[in-house]
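Enquirer: How does the following fold in three dimensions:
(chains A, B, C, D and E)
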Amino acid sequence: MLVNCVAYQKGLKLADIRLEEISDYVERPDCFVWVAVRDPSPEELDALQQEFGLHELAVEDARHGHQRPKIEEYGKSLFVVLPIIEVDGSKLNTGEVAIFAAENYVLSVRHHAEHGFADVRRRAEQEPELLRHGSAYVLYALLDAVVDRYFPVIDVLSEEIEQVEQRIFAEPPARDSIVALYGLKQKLATVQHATGPLLEATAKLYGGRVPTLCSGLQDYFRDVHDHLLRLNQSIDSLRDTVSTITAVSLALITLQENEVTKRLAAYAALVAVPTLVAGVYGMNFEHMPEIGWRWGYPLALAVMALIDGYLFYRFRKARWL
Amino acid sequence: MLVNCVAYQKGLKLADIRLEEISDYVERPDCFVWVAVRDPSPEELDALQQEFGLHELAVEDARHGHQRPKIEEYGKSLFVVLPIIEVDGSKLNTGEVAIFAAENYVLSVRHHAEHGFADVRRRAEQEPELLRHGSAYVLYALLDAVVDRYFPVIDVLSEEIEQVEQRIFAEPPARDSIVALYGLKQKLATVQHATGPLLEATAKLYGGRVPTLCSGLQDYFRDVHDHLLRLNQSIDSLRDTVSTITAVSLALITLQENEVTKRLAAYAALVAVPTLVAGVYGMNFEHMPEIGWRWGYPLALAVMALIDGYLFYRFRKARWL
Amino acid sequence: MLVNCVAYQKGLKLADIRLEEISDYVERPDCFVWVAVRDPSPEELDALQQEFGLHELAVEDARHGHQRPKIEEYGKSLFVVLPIIEVDGSKLNTGEVAIFAAENYVLSVRHHAEHGFADVRRRAEQEPELLRHGSAYVLYALLDAVVDRYFPVIDVLSEEIEQVEQRIFAEPPARDSIVALYGLKQKLATVQHATGPLLEATAKLYGGRVPTLCSGLQDYFRDVHDHLLRLNQSIDSLRDTVSTITAVSLALITLQENEVTKRLAAYAALVAVPTLVAGVYGMNFEHMPEIGWRWGYPLALAVMALIDGYLFYRFRKARWL
Amino acid sequence: MLVNCVAYQKGLKLADIRLEEISDYVERPDCFVWVAVRDPSPEELDALQQEFGLHELAVEDARHGHQRPKIEEYGKSLFVVLPIIEVDGSKLNTGEVAIFAAENYVLSVRHHAEHGFADVRRRAEQEPELLRHGSAYVLYALLDAVVDRYFPVIDVLSEEIEQVEQRIFAEPPARDSIVALYGLKQKLATVQHATGPLLEATAKLYGGRVPTLCSGLQDYFRDVHDHLLRLNQSIDSLRDTVSTITAVSLALITLQENEVTKRLAAYAALVAVPTLVAGVYGMNFEHMPEIGWRWGYPLALAVMALIDGYLFYRFRKARWL
Amino acid sequence: MLVNCVAYQKGLKLADIRLEEISDYVERPDCFVWVAVRDPSPEELDALQQEFGLHELAVEDARHGHQRPKIEEYGKSLFVVLPIIEVDGSKLNTGEVAIFAAENYVLSVRHHAEHGFADVRRRAEQEPELLRHGSAYVLYALLDAVVDRYFPVIDVLSEEIEQVEQRIFAEPPARDSIVALYGLKQKLATVQHATGPLLEATAKLYGGRVPTLCSGLQDYFRDVHDHLLRLNQSIDSLRDTVSTITAVSLALITLQENEVTKRLAAYAALVAVPTLVAGVYGMNFEHMPEIGWRWGYPLALAVMALIDGYLFYRFRKARWL
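Expert: This is a model prediction of the structure:
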């Protein structure tokens, strides 16, 4: 579905154009076209390939989606695949946007993602002095937008981790918490599989041999790279936290088992000892003086209570109860 | 066993040729020969070595099979060993294809693998404009085919992991699941030992100093490398998942032990306390007023039932039962 | 809040100047301005950006705080973000100082940190022969001060670890110790996230292509780098220690469970065996010779005591009690 | 002990020579001497150092043995230390061979190793067209022989691991298996300490700046390197397998504990409940109607049996028994 | 405390000199001064700094001690910090020696270390042909001496590990062994923190751009590096062993718990079943034919013994006892 198709000149919007006009504008030297497409049909992609003259292999990747995040050079053009992660209740949805960028055009192809880039376009159009940098600036703006949208995802996960942490340290660790930790680890892996390769890829946009398209905006691309570094550090740290909590949980569970065992043993003793006393006085010997005593029975009960009282005191002191 | 032996010129099939004719065609400047062999006899390999003039050490590797995946240069020719993994019921079968490639020939030697490359040849013959690139394109097509066949293997493993995961989180982890996890880890290692070294090896086919044979098709070899990157990331992620599930299982098993211990203790208490009461009234004291009561016996039973009722309520509330 | 704003010439203080005068002094060739700001308002930052001509992206980072530690070049100026870690009771507070440095100025912007850099300024002013090196020396002095303040933090953590260690090895490991280990691991991660990236960043200030600002003071910056190496080694070692203690604790807890189980079993036996004896003499057989014996009852008690005595001796010997 | 001392010319054996003649032959331009020594006395080594003009530090290493595997250049000569691993019952014996090689000589000094290199010499003498390459080819042949002898060692370990694996998965893991796993891990480490550094060292013999001695035979040295890569991959994979089995064993042991606990509890219940019933009818109340019944006793026994039958059925269904 | 202060010329001792004469001798072109100091007072260090013209930052490091092992270049001079580890009963003491070396002098400053370098000086003076290499040879000799003294430390630790290993595999693992493993891990870390950075540092003394002072003696410094490689490999291997033993211990402890549980359960059964039988015959039913039997009582006892005998046989067979 074609979302937007606009030609720009010297940082200002020239006109909304039709898909068939693209090739005309692309050839103009001082002008660039910015097209946004969403979940395109094969025919739309074919038409766009025709208009922009895109490389077969790159279009193939954009067609199928579910690619690895990457930034590839095809001659003077760049092909960028950026994963989009959206929080959907307790799940993470993964879509992606494929961006084709060259001197005279930027084409973004969005897959399986709710949230579009209309706001990026709006902001760019309000800053003509920056948009004047041309298609490279648009590429930066899209990259920056995608990367900035990872931060709230991390914040959500970070909060969930904190909740699990509190739950585990407050009461003895339960099945739910362990399963939640597993879920969190999987979600963190999802985000890391998005940001890790991007970190590597963006490094090539500002240091060493920079693609000609990006030269002049290196400080901006370094800033994106820096945000990704921060993200990755956060993810590493959260993953580490989850691992540590898992290990600590195991220790706490084992510790709790110790405590349960001790408590059980204490209670068992409180029952077993009087049972022994009762057993003794249940013996059928003919000569058991206590049996005949007037106060034998209450005395036996008192002895049982006394022993239990003493045991209870000892167990309390040893913190078994 | 010789499967196929065809000469091509300018992207078109010239003729099916006999093994003895190979050396004639190989010397023609604008023509290349594409030979496919399967589990060859030593004599066949000797003949092929003669015809193509292959290097001793490379032929030695192709003869024995079970080599490490690799891409080696012998002068202007390339020697490639690609592992082939085929799902066979609950097992993974590992075969391999060794490819000798130079300007004028491609020779593929398949070992222990069911599925051949007839489809690759068919598709290549249908695209003469690509086959025109010569033997390098055939090498690419074979590489691409082998790598693409790893994806369904990963999908199968990924599905098995999901099943184990569900089983472990649904009911308490059982012996079967643990053993299944071990099996999955071993299978993942098998796939990783195939794709890991290939990833390294293919990197040399498009970046830095590229073998002359491959120059001009770098974008294609980069695409293969990109697929391998994706595969390796999937495998890493699955391995990580298996490790995490194993760790989580241990925690769940220990947790379940806690719960079993508690439940047992609760039931033990429900039996032990009435036993104590019965023991008390089994004592032979002469002066036990309750003994003589008309309703002593039913009262004792009622006391037992009451205590057990209370205990049951407490254990329920504490979630021990 | 503006803390200090001073112009220096040839290593000597020239004058306290007003914010509006900065741009005048910055243009003088042999003079540099050293400004310290704390938790600045947006307006203050805008004014400083104006006066010094700072880069948009750097100012943006300084405005928001909570950046990754880093050293970035913007043309001939350096932008440095240094985390500040302060021990606050049992917590670690993390602030940061952002430093803009160029030939003619040093501007430090402190966020969320109690302890300022007045002492650095005082010491620098007392050593005019060093301050003569200009703004690069001030940058070094600030870096050195920040890095030196990490050492006491590490000392505090190191001491806490030693206490937990002693507690765990003295008595059986308790819930508190495990939770404390988790807290320590988190704190160490906090410090490592500060010093790790700094280590990487400072390496660029003395080896390879050094920023022109820093050339001539490389030995000094190498010294800072060396301190960071030492810090990172300490942190790695402490993290390792915490991991080892956690693993050892798990073994000790499981071991203790063994011991508790054995002790419980021993006590259970001491009660169960006499209960069996009592049960035997509680049987109602008509022909039980012992029943009629004169000393049957005390004898039975003696048998119970003897068996228990023997069991106790055996358990002691086997170290179950 | 001198094993062999032969001079070769143009790939053919010239003569068996005496130790004192070595220096004469070494000076001839088209000839090389191949000497094999086993566990030499200090005097022999001194004589050889004299004859060949070997470097002090290298001889020192050869004298003491137990060196790290390595390949060092001393001017135009190479000094190579290769570990030899021999399977001796259930143990691994580690010896080593130190090789001094230069244009005109190869000297191998074997320590603590049963199996010599007579077969290498015999094969080399049968292939004069290869031996014609001179001392470098001999160095290759020795390297190749040493590396090829690691494979059967790995096979033995691999088989042992498979046996332990089967034992652990067939029956519940026992003390023996755990200790065997530990032994295997230690043996794998022994092999890895031999092959790991060799892998690194051999890489320098075919890529980048190659020692002049080895140039021309790079394809051969690459082949050795490739074998070492394969070995190291196998070792890594086996180590990983051992680690996984250890982790899985722990889970299986804990799981087994769960099962034992449940089974015990079930049997305890089968005894405890009838005991309670017996206790009830052991009470001495005067008014217990059942006591006087004609069939009271068999009925009580039947009730006990019925309850136990029901419990048994329930435990079976819940898989506790 | 000044230990030694000697001037050398052409490999021979010239004279014992006074501290104040140092600067005179240092200026002579063909002569070098070798000074050894132990735990110097601040004044001594100041005097030495004056005499040799040492760099402020290096002296600062030598003054405080407890530096990271390192080799730093200050212009044409080298500053080396070497940790010294001495076994003191069951503890490891860590001292250090800081060495300042340049064309014309070597100054060693020893801190917290018992064992000095008098033997190094003696041996060097006995080999004038080596000492002729000048101060670089002295630097090598000191490095070599320090590194060689690490080996016995490793041997001691290795032996301790073997003892713990035997103890753990002989009898069930005890608290002491676990704590000993922890102590060993800490000691190994201490040694690794000494040798690890040295390994890195010494690599710069023989490969790549070598400090001018060391050129000509590269083979010697490579030898030191090789020893450090060997040391580090040993330490890695010992650390790995300790980790494996810890993991194996956990498995053995859990296994032992299983066995204890089973044995307890077996003994419990041997007591519980006769108790049940006794309970049955303790019931007060009026019509219990066995009660009236002549041999009822001995028969009941026999039944108990028989059941216990059978159970005992079964438990033995199942290896629970």
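Enquirer: Say whether chain C is contacted by the one helix or strand A:D219 maps to.
Expert: If you go by DSSP states H and E, A:D219 is part of helix A:218-281. Yes. When contact is scored as CB under 8 Å from any CB of the partner chain, part of helix A:218-281 falls within range of chain C: A:219-220, A:222-223, A:226, A:229-230, A:233, A:237, A:240-241, A:244-245, A:247-248, A:250-252, A:254-255, A:257-258, A:261-262, A:265, A:268-269, A:272-273, A:275-276, A:279-280. C-beta: built from backbone N, CA, C; applies to glycine.
Enquirer: before we move on, what about stretch A:194-213?
Expert: No. Judged by CB under 8 Å from any CB, stretch A:194-213 makes no contact with chain C; its nearest approach is 10.6 Å.
Enquirer: Could you tell me which residues within that stretch count as buried?
Expert: For stretch A:194-213, burial by neighbour count (16 or more other CB atoms under 10 Å in any protein chain shown) applies to A:194-199, A:201-206, A:211, A:213.
Enquirer: which parts of chain A sit against chain D?
Expert: A:G282.
Enquirer: which stretches of chain A form helices?
Expert: In chain A, helices defined by DSSP state H lie at A:22-27, A:42-52, A:56-64, A:118-126, A:128-131, A:135-148, A:150-170, A:175-203, A:218-281, A:289-292, A:296-317, listed in chain order.
Enquirer: Including mean pLDDT, could those helices go into TSV?
Expert: TSV is the format used below for the helices of chain A (pLDDT from 0 to 100):
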stretch	mean pLDDT
helix A:22-27	89
helix A:42-52	92
helix A:56-64	88
helix A:118-126	93
helix A:128-131	89
helix A:135-148	94
helix A:150-170	92
helix A:175-203	91
helix A:218-281	89
helix A:289-292	85
helix A:296-317	91
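Enquirer: Tell me which of those helices sits nearest to E:H55.
Expert: Ranking these by proximity to E:H55 (CB to CB) places helix A:218-281 first, at 35.1 Å.
Enquirer: Report whether the closest one contacts chain E.
Expert: No. No part of helix A:218-281 sits near chain E under the criterion CB under 8 Å from any CB; the closest distance found is 9.0 Å.
Enquirer: Give me the angle between that helix and helix C:296-317.
Expert: Here helix A:218-281 points in a direction 150 degrees away from that of helix C:296-317 (axes from the mean of the first three to the mean of the last three CA atoms, to 10 degrees).
Enquirer: chain center to helix A:218-281: distance?
Expert: Offset of helix A:218-281 from its chain centre (CA atoms, centre = their mean, to the nearest Å): 22 Å.
Enquirer: now do stretch A:296-311
Expert: With CA atoms, centre = their mean as the basis, stretch A:296-311 stands 61 Å off its chain's centre.
Enquirer: Point me to the residue of the stretch 151-300 of chain A nearest chain E.
Expert: Residue nearest to chain E within the stretch 151-300 of chain A (CB to the nearest CB): A:G282, separated by 6.8 Å.
Enquirer: How much space separates that residue from E:P298?
Expert: Distance, A:G282 to E:P298, using CB to CB, to the nearest Å: 21 Å.
Enquirer: Which one's more surrounded, the two?
Expert: A:G282 (27 against 14; other CB atoms under 10 Å in any protein chain shown).
Enquirer: The more buried one reaches E:G279, doesn't it?
Expert: No. Under the criterion of CB atoms under 8 Å, A:G282 is not in contact with E:G279, lying 9.9 Å apart.
Enquirer: what sits in contact with each of those two?
Expert: Common contacts of A:G282 and E:G279 (CB atoms under 8 Å, 6 or more residues apart in numbering or on different chains): C:G279, D:G282.
Enquirer: Just the C-alphas of stretch A:170-178, formatted as CSV.
Expert: This file holds the C-alpha atoms of stretch A:170-178, laid out as CSV (Å, rounded to 0.1, in the frame of the first residue of the first chain):
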residue,chain,number,x,y,z
ALA,A,170,9.8,-10.6,48.9
GLU,A,171,8.3,-14.1,49.2
PRO,A,172,9.9,-17.5,48.4
PRO,A,173,10.4,-17.8,44.5
ALA,A,174,7.4,-19.4,42.8
ARG,A,175,6.8,-21.2,39.5
ASP,A,176,5.3,-18.1,38.0
SER,A,177,8.4,-16.0,38.6
ILE,A,178,10.7,-18.6,37.1
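Enquirer: Show the backbone phi and psi for the closest residue to chain D within the stretch 151-300 of chain A.
Expert: As assessed by CB to the nearest CB, chain D sits closest to A:G282 within the stretch 151-300 of chain A, at 6.9 Å. For A:G282, the backbone dihedrals (degrees, to the nearest 10) come out as phi -90, psi 0.
Enquirer: contacting residues around it?
Expert: B:G279, B:G282, B:M283, B:N284, C:A278, C:G279, C:G282, D:G282, E:G282 are the contacts of A:G282 under CB under 8 Å, 6+ apart.
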